[in-house]
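Asker: got a predicted model here, sequence first, then my questions.
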2 protein chains.
Amino acid sequence: MANKIWKSYPQLGEKLDLTTDYIHQAVKINNLDISSMIIDLTSGGKMLRPAFFLLFSDFGENKKTTAELIPLAASLEILHVATLIHDDVIDDSPLRRSQPTIHTKYGRRNAIYAGDYLFTLYFELISRNLADNNDILRNALSMKKILIGELDQMLINFNVKATTDMYLTEISGKTAELFSLSATMGAIVSGGNQELTERCKGIGHDIGMAFQIIDDILDFSNSVQTGKPVHEDLKNGVYSLPYILGLEAGNKQLIEVLSKDKLSADDDLKATNIVVDEGYLNQAKDIAQGYTKRALTEIDKLPKNTSQRVLKAVVKKLINRIK
Amino acid sequence: MANKIWKSYPQLGEKLDLTTDYIHQAVKINNLDISSMIIDLTSGGKMLRPAFFLLFSDFGENKKTTAELIPLAASLEILHVATLIHDDVIDDSPLRRSQPTIHTKYGRRNAIYAGDYLFTLYFELISRNLADNNDILRNALSMKKILIGELDQMLINFNVKATTDMYLTEISGKTAELFSLSATMGAIVSGGNQELTERCKGIGHDIGMAFQIIDDILDFSNSVQTGKPVHEDLKNGVYSLPYILGLEAGNKQLIEVLSKDKLSADDDLKATNIVVDEGYLNQAKDIAQGYTKRALTEIDKLPKNTSQRVLKAVVKKLINRIK
């Protein structure tokens, strides 16, 4: 059953259920333990990337049938889950969606190979369903930028001289790229012209940027809901936007705390208080709001139909999480 | 400069140098540390997979130019290096070709993403150069079997009831698949008919099987040359063929030693002696010899030309490493 966020959009929810079924049938490995963990990871999530893909595939001149769209919607979620599995190994995260991660239960070996397998499955679904469309293929490979983004991130970790620009470039390559890819693929498969495709690409990018900043902000205040330990990223030297805004503003106390070799729980609390009291958290919210506003303005220029209305409602829903 | 094993085959060596140059130009990441490590990993190796691809691309009716073949030869080495990087993270290997591994120098994070990046680059090179050839695309995806093979391997590790069949199935999915893919892709791009392609596929598979068994046997006797710690695999519960033959033969002493929770250096030595003295090592050599013989018989049936002669010589050279 589709995630509760789609309750008000039963038609979309139904397509997402079909996407989940498709993924479950596409995952074919003999190792039942691993395959059941992959199936769990692809069940009940928000499935934002397939959802945006499906919505954006409703604006072109040559719309596809649901049956044609499902494999591509599935491929985007599979790519997303592949990156989640590898990210969890990298961060040694014990939980994902409140469940033990694959590497925690079956070791790093199986988690790394499971991610590799899903990457391959992504390419398989793309190439089997769209090998004749060079535009799609070229765009599908834009996920390379996600990995280049991750490899560049080393420059930002544990760097108290990190700037907002560095942060935005990083999340642009990490989160926004996959949202942008979902939107672009939707526009292309629906036969959208250059102008429409570029617009959808931009909207997807802005939604992704807002989504990541919002997620970072939520991590700040709520660890229970996401199943992640509080401020784990901070201890690993991964600074989210509120901290970076403080560092960039030259806040001496914050620079002092974060320059320490090892952060204690007290240091963590201190950094948090600075970020809240000095308004850096609110500045981060304003930046997320900025991306959301631009996305909404551009969505208004899309052909007017149900998908356009749903798109607006969903984007508003995402930003309202931090209000 | 191509590896010294190609010294007697300057034409092939030259093409492999071009392949290396191509790889270095294809790897485009801003992180200079990681890109230089990738470049090191793709320099000076034996480049067996591109070499076999190039040789097998000389038997069909519609041969391609060197310029057309290089990107595909490069893609196969890139795929191989991607699996090496991830395997090294998984086994926590400190060295690869006597050099520190990526995760040892720059952490797991960068090693995992570097591998993911190279996987993506593999698909990019395949799809950009052969998107119009569905046969190639389908075969390119057969590398999925490599990952399924790895995910199934969990069944064999630390299992003193492992059988030769299980071992052969595992290396078939792991090593032989990529050799087989290299040979098959060569046959297809050269316009080989069904019969030729199937023959090349089988030869590639047999070469790969022999190669992995030979590699396992060499690991046994020589740790310095390969830069790997002695019998590291054994301690990780990964049994190579000589051990498995002993276990399968029901050798009580061997079963007793390998059933221990933690293997000491003495246990390692004891297991080694049993495997040598009881003839299991020689049995493993015979099995490698069997695959080599079958490969040579089939190579004899290929069109007679320089590539066919080089192929025979190289396959003989590989088996002679354990004589």
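Answerer: Alright, I've got the coordinates.
Asker: which bits of the stretch 1-150 of chain A sit near chain B?
Answerer: Contacts of the stretch 1-150 of chain A with chain B, taken as C-beta under 8 Å from any C-beta of the partner chain, map to A:28-31, A:33-34, A:86, A:89-90, A:106, A:108-110, A:112-117, A:119-121, A:123-124, A:127, A:131, A:134, A:137, A:141, A:143-144, A:147-148, A:150. To be clear about C-beta, it is placed using only N, CA and C from the backbone, and glycine gets the same treatment.
Asker: buried subset of these, written for PyMOL?
Answerer: To isolate the buried ones among the residues of the stretch 1-150 of chain A next to chain B in PyMOL, judged by 16 or more other C-beta atoms under 10 Å in any protein chain shown, type:
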select buried, chain A and resi 29+31+34+86+89+90+106+108+109+110+112+113+114+115+116+117+119+120+121+123+124+127+131+137+141+143+144+147+148+150
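Asker: strands of chain A, residue ranges please.
Answerer: All strands of chain A, identified by DSSP state E, fall at A:95-96, A:99-100.
Asker: can you say which of those is packed in most?
Answerer: Highest mean neighbour count of these: strand A:95-96, a mean of 18 (counted as mean count of other C-beta atoms under 10 Å in any protein chain shown).
Asker: give the contact list for the residue minimising distance to the centre of chain A.
Answerer: Residue closest to the mean C-alpha point of chain A, counted by C-alpha atoms, centre = their mean, is residue A:175 at 4.4 Å. Residue A:175 sits next to A:208-209, A:211-212, A:215 when contact means C-beta atoms under 8 Å, 6 or more residues apart in numbering or on different chains.
Asker: highest neighbour count among those residues?
Answerer: residue A:208 (27 neighbours; other C-beta atoms under 10 Å in any protein chain shown).
Asker: what about stretch A:299-306, start to end distance?
Answerer: In stretch A:299-306, first residue to last residue: 12 Å (C-alpha to C-alpha, to the nearest Å).
Asker: kindly report the same for stretch A:91-105.
Answerer: End-to-end span of stretch A:91-105 (C-alpha to C-alpha): 15 Å.
Asker: can you list the weak-confidence ranges in the stretch 151-300 of chain A?
Answerer: A:153-158, A:221-233, A:235-236 (pLDDT under 70).
Asker: so which residue of it comes closest to chain B?
Answerer: residue A:151 (4.6 Å; C-beta to the nearest C-beta).
Asker: now that residue. Nearest residue, chain neighbours left out?
Answerer: Excluding its sequence neighbours, the residue lying closest to residue A:151 (C-beta to C-beta, 6 or more residues apart in numbering or on different chains) is residue B:31, at 4.6 Å.
Asker: and that neighbour, its phi and psi?
Answerer: Torsion angles at residue B:31 (phi, psi; degrees, to the nearest 10) stand at phi -70, psi 100.
Asker: ok, it touching residue B:109?
Answerer: No: Residue B:31 is beyond contact range of residue B:109, at 11.2 Å (criterion: C-beta atoms under 8 Å).
Asker: next up, the contacts around the nearest residue to residue A:109 once chain neighbours are set aside.
Answerer: Distance criterion C-beta to C-beta, 6+ apart; nearest residue to residue A:109, sequence neighbours excluded, is residue B:90 at 4.5 Å. By C-beta under 8 Å, 6+ apart, the contact set of residue B:90 is A:108-109, A:112-113.
Asker: change it to 6 Å
Answerer: Neighbour list for residue B:90: A:108-109, A:112 [criterion: C-beta atoms under 6 Å, 6 or more residues apart in numbering or on different chains].
Asker: same question for residue A:173.
Answerer: Residues in contact with residue A:173 (C-beta under 6 Å, 6+ apart) are A:145, A:149.
Asker: quick check, nearest of the contacts of residue A:175 to residue A:10?
Answerer: Of all the contacts of residue A:175, residue A:10 sits closest to residue A:211, with 23.2 Å by C-beta to C-beta.
Asker: who touches residue A:88 in this structure?
Answerer: The contact partners of residue A:88, taken as C-beta under 6 Å, 6+ apart, are A:96, A:101.
Asker: now it: how far from residue A:101?
Answerer: Per C-beta to C-beta, to the nearest Å, residue A:88 is found 4 Å from residue A:101.
Asker: quickly list what the residue lying closest to residue A:40 once chain neighbours are set aside is bridged to.
Answerer: Leaving aside its chain neighbours, residue A:40 sits nearest to residue A:99 (6.4 Å; criterion: C-beta to C-beta, 6+ apart). Beta-bridge pairing of residue A:99 under DSSP bridges involves residue A:96.
Asker: per-residue pLDDT, residue A:99?
Answerer: pLDDT recorded at residue A:99 is 84.
Asker: got it, and residue A:322?
Answerer: On the pLDDT scale, residue A:322 gets 81.
Asker: before we move on, what about residue A:74?
Answerer: On the pLDDT scale, residue A:74 gets 96.
Asker: can you check the one 4 residues further on too?
Answerer: At residue A:78, the model reports a pLDDT of 95.
Asker: same thing with residue A:133?
Answerer: 68.
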